[in-house]
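Student: what's the 3D shape of this:
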Amino acid sequence: MAGEVQQRLENKLREAFSPDVLVVTDESAQHTEHASAPDGGQSHFHVEISAAALTGLSRVERQRAIHKILAEELAGPVHALRMTVK
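Tutor: Presented below is the predicted three-dimensional model:
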């Protein structure tokens, strides 16, 4: 079952980009030994997304578009966001 933060990421990305493919994976368990890792995880995520709305943008422009949509989460509970944009 997806955690609250993961679900918010998925919802915002679906609403903003209407992706053909969207997989949001909580990778927090791989970082539990880091000093900055919060209890309960939900701090490190991988987003795999394919969306027509991102077609034609440079890699940096795609990352900026995604960061803009997820700004609230990136300023708060999300410590790291890894992206694969197709």
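Student: pull the longest helix from the protein.
Tutor: Using DSSP state H to define each element, the chain has its longest helix at helix 4-17.
Student: And it, what does it pack against?
Tutor: Applying 3 or more Cβ pairs under 8 Å, 6 or more residues apart in numbering; DSSP states H and E, one finds that helix 4-17 makes contact with strand 21-26, strand 44-50, helix 59-69, helix 71-75. Any C-beta I mention is one placed from the backbone N, CA and C, and that applies to glycine too.
Student: Please identify the most buried of the ones you listed.
Tutor: strand 44-50 (a mean of 18; mean count of other Cβ atoms under 10 Å).
Student: What angle do helix 59-69 and that one make with each other?
Tutor: Counting by axes from the mean of the first three to the mean of the last three Cα atoms, to 10 degrees, strand 44-50 points 120 degrees away from the direction of helix 59-69.
Student: Which secondary structure elements does strand 44-50 sit against?
Tutor: Counting contacts by 3+ Cβ pairs under 8 Å, 6+ apart, strand 44-50 is packed against helix 4-17, strand 21-26, strand 80-85.
Student: residues touching S58, list them.
Tutor: Going by Cβ atoms under 8 Å, 6 or more residues apart in numbering, S58 touches no other residue.
Student: what's the spacing between E15 and A80?
Tutor: Using Cβ to Cβ, to the nearest Å, one gets 23 Å for the distance from E15 to A80.
Student: Who has more neighbours out of the two?
Tutor: A count of neighbours by other Cβ atoms under 10 Å puts A80 above the other of E15 and A80, at 14 against 9.
Student: Bridge partners for the more buried one, pull those for me.
Tutor: For A80, the beta-bridge partners are H44 (DSSP bridges).
Student: List the contacts of it.
Tutor: So A80 contacts 27, 31, 43-45 (Cβ under 8 Å, 6+ apart).
Student: Could you identify the most distant pair in those?
Tutor: For these, the maximum inter-member distance is 10.7 Å, found between H31 and F45 (Cβ to Cβ).
Student: Which pLDDT value belongs to the residue nearest to R82 when sequence neighbours are not counted?
Tutor: Spatially, and ignoring its direct neighbours in sequence, R82 is nearest to H46 (4.5 Å; Cβ to Cβ, 6 or more residues apart in numbering). Predicted confidence (pLDDT) for H46: 96.
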